[in-house]
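1. Dropping the sequence and predicted coords here.
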Amino acid sequence: MVHYRRKLLFQLLAVSVIVFVTISGTELYYAISNIEQKVKDKAVSASRILAKEHTQAFKPESMHSKNEIDILKNTSFHLFTLSDSSGKPVFSQKSGKYDSIVNDISKKNHSFTLHDDNETVISIAHNHNSNVYYLDVYIPWEFNGETGELHTFYEATEQLNIVYAEWKSDIIQMGIVFVIFLAGIYPTILILHKGLLKKTEELTRVNLEILNVLGSAVAKRDSDTNTHNYRVTFYAALLGENIGLQNDKLKSLIQGAFLHDIGKIGIPDAILLKPDKLTHEEFELMKSHVTIGREIIEDSSLLKGAREVLEYHHERYDGKGYVQGLSGTNIPVNARIFAIADVFDALTSRRPYKEAFSFEKAKEIMLREAGSHFDPKLVHRFFEIISECYEKISEKQDEKILKSMLTESIEKYYS
């Protein structure tokens, strides 16, 4: 559980970082997209404010004293030019620094047009030497009853910093929101996950119980216990996991192991329980349990995973099995695995008509059948890994112990 919490926290952090970067990146994109309008508005506003403050000075009766007016004093402006409709300057002032600033900028070519709609033209200029930004502004202006042009040039570093600060503030606020969100959602997810784990465990028990009941219904027709189903499921799952089957495939193998003989429900007791060798006709009827079993589960979405084992576990690697006579790897891997587990348990178990073979005797018999009855790679791998498991779950164990051991062993595939 501790490992899961760490994993969950890491995943939440990763997702939150991705979301945070995505949203902040989007915010930056829109901030950059809107910066033109913001800078334009600030530039036009600043230029108009300066012009309006000195409107009286630009009237004809005041023009005689225009050279005595210092409208740039105590401002960030370095140029103020008012032209009439013909483009002729009627009022112009520049600061003592203007020429040197423009000269520095022109040398470095650090100027670009930010906005141009024919009436309003705004350029941003960067003085590399002083690391100061300037705005060069041309806007329409009503002058003496006609529309002229106002041209200003002023230091705008502060204005641009304001735009950046606004975006930075938004990002910081967003980060705070995400920290609060993460702190709140983490314990909530843990609580929800705890409930989900409980429901999953209950569902797992139900699924396994259904398989157990169905398998037991068949097993107890020709046996006193369900131990055969438990053992073959143990063996098959161990081999399947060892060769690297994916979880879904393993669950299907387990289903098939429990239900492999469910079709025997349709076989008459006279044949199913006959102690002697079956006649040819009786054996043909016995083989029909494969088809009957397939028909029993074919409409069940819950049990459909069992079909490969149920339908093909009597096929042989050399193609001499039944029902379809498949050979080699044309036989589904789950069926090839189960065929090995099924025969091994049959050989090492006591039956009414025979005593149990020893482990070594069963191994000798089955390895002789490698490549004919069994997949040679799988059967050799089986005997490399099965001895310890065999000792644990051989016929020395009773049904309840086997059931408990099996449930504990295979629950991991359903969680």
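-> Okay, I see it.

2. List phi and psi for Thr147.
-> Dihedral pair for Thr147: phi -90, psi 120, per degrees, to the nearest 10.

3. The spatially closest residue to it that is not a sequence neighbour: which element?
-> Closest residue to Thr147 apart from its sequence neighbours, by C-beta to C-beta, 6 or more residues apart in numbering: Pro140 at 5.5 Å. C-beta: built from backbone N, CA, C; applies to glycine. Pro140 belongs to strand 132-143 when elements are defined using DSSP states H and E.

4. Pull that strand out as CSV, backbone CA atoms only.
-> What follows is strand 132-143, C-alpha atoms only, in CSV (Å, rounded to 0.1, in the frame of the first residue of the first chain):
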residue,chain,number,x,y,z
VAL,A,132,16.2,49.8,-22.4
TYR,A,133,13.1,49.4,-24.6
TYR,A,134,11.5,52.2,-26.4
LEU,A,135,8.2,52.6,-28.3
ASP,A,136,8.1,54.6,-31.6
VAL,A,137,4.4,55.7,-32.1
TYR,A,138,2.5,57.3,-35.0
ILE,A,139,-1.2,57.9,-34.4
PRO,A,140,-3.9,60.1,-36.0
TRP,A,141,-4.6,63.4,-34.1
GLU,A,142,-7.2,66.1,-34.6
PHE,A,143,-5.4,69.4,-35.0
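
5. ok, residues contacting it?
-> Contact partners of strand 132-143, identified using C-beta atoms under 8 Å, 6 or more residues apart in numbering, comprise 39, 43-44, 47-48, 51, 58, 78, 82, 84, 90, 101, 105, 111, 119-127, 147-157, 159-160.

6. Pull out the buried members of those.
-> The neighbour-count criterion (16 or more other C-beta atoms under 10 Å) marks 39, 43-44, 47, 51, 58, 78, 82, 84, 90, 101, 105, 120-127, 148-157, 159-160 among the contacts of strand 132-143 as buried.

7. Show me those residues that map onto strands.
-> Those of these mapping onto strands are 78, 82, 90, 121-127, 148-155, per DSSP state E.

8. circling back: flag every buried residue along the strand holding Pro140.
-> Applying 16+ other C-beta under 10 Å to strand 132-143 flags Val132, Tyr133, Tyr134, Leu135, Asp136, Val137, Tyr138, Ile139, Trp141, Phe143 as buried.

9. Output these as TSV; include the columns distance to Lys168.
-> Listed next are the buried residues of strand 132-143 as TSV, based on distance: C-beta to C-beta, whole Å:
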residue	distance to Lys168
Val132	20
Tyr133	17
Tyr134	22
Leu135	21
Asp136	26
Val137	26
Tyr138	30
Ile139	29
Trp141	34
Phe143	40
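
10. Now Ala156, what are its backbone angles?
-> Backbone dihedrals for Ala156, given as degrees, to the nearest 10, come out at phi -120, psi 10.

11. Could you pull up the mean pLDDT of the strand holding Pro140?
-> Strand 132-143 carries an average pLDDT of 84.

12. and the angle from it to strand 121-127?
-> Here the directions of strand 132-143 and strand 121-127 differ by 150 degrees (axes from the mean of the first three to the mean of the last three C-alpha atoms, to 10 degrees).

13. List the neighbouring strands of strand 132-143 plus their orientation.
-> strand 121-127 (antiparallel), strand 146-155 (antiparallel) (DSSP bridges).

14. burial measure for the closest residue to Lys287 other than its chain neighbours, as a count.
-> In space, and not counting its chain neighbours, Lys287 is closest to Tyr322: 5.2 Å by C-beta to C-beta, 6+ apart. If you count neighbours by other C-beta atoms under 10 Å, Tyr322 ends up with 15.

15. same question, Ser83
-> When neighbours are counted by other C-beta under 10 Å, Ser83 comes out with 18.

16. Switch the strands paired with strand 132-143 over to TSV, and while doing so, append distance to Ile18 to every line.
-> Below are the strands paired with strand 132-143 laid out as TSV (distance: least, C-beta to C-beta, whole Å):
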stretch	distance to Ile18
strand 121-127	33
strand 146-155	40
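
17. Mind checking the ones you listed for the one nearest to Asn229?
-> strand 121-127 (80.4 Å; C-beta to C-beta).

18. got the contact list for that closest one?
-> 39-40, 43-44, 101, 104-105, 108, 110-116, 132-138, 156.

19. mind running it again at 6 Å?
-> With C-beta atoms under 6 Å, 6 or more residues apart in numbering as the test, strand 121-127 has contacts from 40, 43, 101, 104-105, 110-111, 113-115, 133-134, 136-138.

20. Tyr413: which of these is nearest?
-> Using C-beta to C-beta, Leu114 comes nearest to Tyr413 of the contacts of strand 121-127, at 63.3 Å.

21. Sweet, I'm off.
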